[in-house]
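*Asks:* sequence-free structure coming up:
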C-alpha cells in the first residue's frame, strides 16, 4: 500500500514523531531506561558511532571499541524515516515519492500465533529462508525487463504472504521438518500459480481470513483488498513464473546450505516441474 505526496500532506504534522518511530523500529539502539537508569544501551556507551550517507537511507555504523568487545565486530543500522499512524502501523519511504505501509507488528503477532500452532520442529521459517535464497541466486545475472523487476515481483513481503497463505491451509503436522522439501515445493507451486493468475493478495489489507486469535488493527481489517501483483504486466509475471520454476532446479544447493544433506534423500523428483530441455542441459 502506497501513499502519494498529496495524501501525505494531512500526515505531515506527524513528522516530528518520526525520530521516535525510528527508535521503536530499532530495538538494538534503545536503552534499558528504568532498568539501569541510563539513557542509552550499554552497546552505545562502549561504541563509536558513524553516520554514513549515500543514495538510499542513511546508515548508522556502531563500532565497539577494542576495550569493550572484539574490535572486528560492527553493527550497521539503516535509518528509515517512519511516520506513525497508530496501532503499531507506520508509513515508510518507498520508491520515488511514494510511502509504503509498514505492518511489521501485525506480522510479528501472526508469526507468534503460528509458532504456537505449528509443531515444535516446524520448517516454515526455514522454507522462507530457502525461498529467499532461491530468489537471490536465480536473480544473479538476469538481464532485460525481468532482471529489473525480479526482486520487486518476488519481494520479501510477497514471499511471506505466500508462506502465510499456504500455512493456513494446513494441516499443521505437515510442516514437520521431515517434510521440508514437500512444503518448499508446495510454496513454489503456489507462487507459480499466483504469478500465472496475476493475483497475490495482501495478507492483512481487507483479508477476512486472518485468524481471529491474531489482533489486527481496524484500519487493516476495513481496508480495500490489495493485489500485490497489480503493478506488473502479464509478460513480466509469465517470465517470472518460468524463471521461478528454473530456480527450483537449484533447490538442492540451497537446501544443503540451510539444512544439510539429510533432506535431499526425500526429493527424487525435485525438478519435475522444470521443462525437460532444461533438465537435459543440467545433466550434460
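*Replies:* Now that the structure is in, tell me what you want to look at. Just so it is clear, the structure is predicted and the values come from calculations on it, not from any experiment.
*Asks:* quick one: contacts of stretch 136-151?
*Replies:* 135, 232, 235-236, 239-240, 243-244, 246-247, 250, 253-254 (CB atoms under 8 Å, 6 or more residues apart in numbering). (Glycine included, C-beta is placed from N, CA and C.)
*Asks:* Residue 142 and residue 160: what is the separation?
*Replies:* 22 Å (CB to CB, to the nearest Å).
*Asks:* I meant residue 79, not that one.
*Replies:* 23 Å.
*Asks:* I would like the residues contacting the helix or strand hosting residue 107, please.
*Replies:* Using DSSP states H and E, residue 107 maps to helix 104-117. Counting contacts by CB under 8 Å, 6+ apart, the residues outside helix 104-117 that touch it are 25, 87-89, 122, 124, 160, 164, 167, 172, 203-204, 210-211, 213-217, 220.
*Asks:* switch to 10 Å and redo it
*Replies:* Contact partners of helix 104-117, identified using CB atoms under 10 Å, 6 or more residues apart in numbering, comprise 24-25, 87-90, 92, 103, 122, 124-125, 157, 160-161, 163-164, 167-168, 170, 172, 175, 203-204, 210-211, 213-217, 220.
*Asks:* Flag every buried residue along that helix.
*Replies:* 105-107, 109-111, 114 (16 or more other CB atoms under 10 Å).
*Asks:* cool, and stretch 80-98?
*Replies:* For stretch 80-98, by 16+ other CB under 10 Å, it's 80-85, 88-92.
*Asks:* Quick check: the farthest pair among these?
*Replies:* 81 and 88 (16.7 Å; CB to CB).
*Asks:* Walk me through the domains of the protein.
*Replies:* Residue ranges for the domains of the chain, per automatic domain parsing: 2-100, 104-283.
*Asks:* Pick out the shakiest of those domains, pLDDT-wise.
*Replies:* Note on the domains of the chain: domain 2-100 shows the lowest mean pLDDT, a mean of 59.
*Asks:* Helices of the chain, residue ranges please.
*Replies:* 5-8, 18-25, 42-45, 104-117, 124-139, 144-153, 156-167, 180-197, 218-221, 234-248, 251-259, 276-283 (DSSP state H).
*Asks:* For those helices, could you give me CSV that also reports distance to residue 74?
*Replies:* Listed next are the helices of the chain as CSV, based on distance: least, CB to CB, whole Å:
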stretch, distance to residue 74
helix 5-8, 34
helix 18-25, 19
helix 42-45, 11
helix 104-117, 24
helix 124-139, 23
helix 144-153, 26
helix 156-167, 24
helix 180-197, 33
helix 218-221, 36
helix 234-248, 32
helix 251-259, 24
helix 276-283, 40
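*Asks:* Which one, of those, ends up nearest to residue 58?
*Replies:* Once the helices of the chain are compared by CB to CB, helix 18-25 is nearest, at 10.7 Å.
*Asks:* In contact with residue 207, which residues are there?
*Replies:* Counted by CB under 10 Å, 6+ apart, residue 207 has contacts 161, 164-165, 201, 216, 220-221, 223, 225-226.
*Asks:* Quick check on the residues you listed: which are buried?
*Replies:* By 16+ other CB under 10 Å, those give 161, 164-165, 201, 216, 220, 223, 226 as buried.
*Asks:* okay, those in TSV with distance to residue 52 next?
*Replies:* Below are those laid out as TSV (distance: CB to CB, whole Å):
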residue	distance to residue 52
161	32
164	34
165	38
201	38
216	37
220	34
223	36
226	34
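*Asks:* Determine which two of the residues you listed are furthest apart.
*Replies:* 165 and 223 (17.6 Å).
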